[in-house]
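Asker: Test case, fold it:
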Amino acid sequence: MRGAFTGANTDRIGLFEAADGGTLFLDELASTSSSFQASLLRVLQSGEVRRVGATQTRRVNVRVIGASNQDMRELAEQKSFRADLYYRLSVLTIHLPPLRERTGDVELLVQFFLHRLSRETKPLHISRDALDLLCQWSFPGNVRELENALTRAAALTTDGMITPLCLPSHISPVQTAAPAEALRQLAADWPTMEELQRRYLVAALTHTAGNRQHAATLLGLNRRTVQRLIARHNLNQMVEPEGEGFDFVENGEDEE
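Answerer: Numbers count the residues shown, from 1 in each chain. Okay, the predicted model is just below:
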């Protein structure tokens, strides 16, 4: 509510109010704090929310869908997650197998990601042999690994055709001179400086497995500059999640 704390200049609704009459999706439930779990359980049981700084509650009618990459039942049994909240949420449970157990989805996901990447860069296609390599890979990193592989391939192709040479070396057996050839092709079609910067950043992130600090060292930049470039070129899906202690200032001078 307005005036609830310093900087609260206007009234703002929360996510439950915004989703009233609809659906609220909560991801990474296993990583939530005990205080959040207590608050969520209270809302689910009462169907009421109270804005920060308010004295009255408001009724909401929201369907809640939660997701986790861990076994929530095991966490509840180990008391790492509130058992009462788990049973309140698990009215209907859907188990999504890892990508390696549903290889028939790989080709569909490839087409989906290429269609999306084509809107950001240029029309993209994939050769049959490159697609076969992707379909044969086990993808321990699941869908995110597939997306990252295609983002890298899209940056390295010069004619819009993704071949085995464009894929990461751990997926493609085409390794002889592949790194040098891939870097040579970065500028083969005379891209703009903006596009060349994006391609080179993709190559650095691929080489460092998405580690910002290692990529910054490789490029001779500080990590905040690399983070700004990642956000500028919409490459957040290629990097490792940052820890809570990472201090990123979007505006201001770089720190060397």
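
Asker: got the CA coordinates for stretch 188-201 in PDB?
Answerer: The C-alpha coordinates for stretch 188-201 follow below in PDB (Å, rounded to 0.1, in the frame of the first residue of the first chain):
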ATOM      1  CA  ALA A 188      32.600 -14.500 -43.000                       C
ATOM      2  CA  ASP A 189      29.400 -12.800 -44.100                       C
ATOM      3  CA  TRP A 190      30.500  -9.300 -43.000                       C
ATOM      4  CA  PRO A 191      28.100  -8.800 -40.100                       C
ATOM      5  CA  THR A 192      27.500  -5.400 -38.400                       C
ATOM      6  CA  MET A 193      29.700  -4.600 -35.400                       C
ATOM      7  CA  GLU A 194      26.600  -5.200 -33.200                       C
ATOM      8  CA  GLU A 195      26.000  -8.700 -34.700                       C
ATOM      9  CA  LEU A 196      29.700  -9.500 -34.600                       C
ATOM     10  CA  GLN A 197      29.800  -8.600 -30.900                       C
ATOM     11  CA  ARG A 198      26.900 -10.800 -30.200                       C
ATOM     12  CA  ARG A 199      28.400 -13.800 -32.100                       C
ATOM     13  CA  TYR A 200      31.700 -13.400 -30.400                       C
ATOM     14  CA  LEU A 201      30.000 -13.200 -27.000                       C
END
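
Asker: Which of the residues in it are classified as buried?
Answerer: Of all the residues in stretch 188-201, those buried under the rule 16 or more other C-beta atoms under 10 Å are 191, 195, 198-201. From N, CA and C alone the C-beta is placed, and that goes for glycine too.

Asker: which residues sit against it?
Answerer: Stretch 188-201 is contacted by residues 121, 155-156, 158-159, 186-187, 215, 219, 226, 229-230, 233, 235 when judged by C-beta atoms under 8 Å, 6 or more residues apart in numbering.

Asker: same thing with stretch 61-77?
Answerer: Against stretch 61-77 from outside (C-beta under 8 Å, 6+ apart): 16, 19-30, 44, 47, 81-83, 86-87, 89-90.

Asker: cutoff 6 Å now
Answerer: For stretch 61-77, contacts defined as C-beta atoms under 6 Å, 6 or more residues apart in numbering pick out 16, 19, 21, 23-27, 29-30, 81, 83, 86, 89.

Asker: quick revisit: any chance of the buried residues of stretch 188-201 in TSV, plus secondary structure?
Answerer: Shown next, in TSV, are these (DSSP: H, G, I helix; E, B strand; the rest coil):
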residue	secondary structure
191	coil
195	helix
198	helix
199	helix
200	helix
201	helix
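
Asker: From residue 91, how far out is residue 48?
Answerer: Distance check for residue 48 against residue 91: by C-beta to C-beta, to the nearest Å, it reads 19 Å.

Asker: Give the bridge partners for residue 126, please.
Answerer: Residue 126 has these beta-bridge partners by DSSP bridges: residue 162.

Asker: what would the buried residues of stretch 188-201 look like in JSON lines with distance to residue 208 and pLDDT?
Answerer: Putting these into JSON lines (distance: C-beta to C-beta, whole Å; pLDDT from 0 to 100) gives the following:
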{"residue": "191", "distance to residue 208": "22", "pLDDT": "80"}
{"residue": "195", "distance to residue 208": "21", "pLDDT": "84"}
{"residue": "198", "distance to residue 208": "16", "pLDDT": "85"}
{"residue": "199", "distance to residue 208": "15", "pLDDT": "83"}
{"residue": "200", "distance to residue 208": "13", "pLDDT": "85"}
{"residue": "201", "distance to residue 208": "11", "pLDDT": "88"}
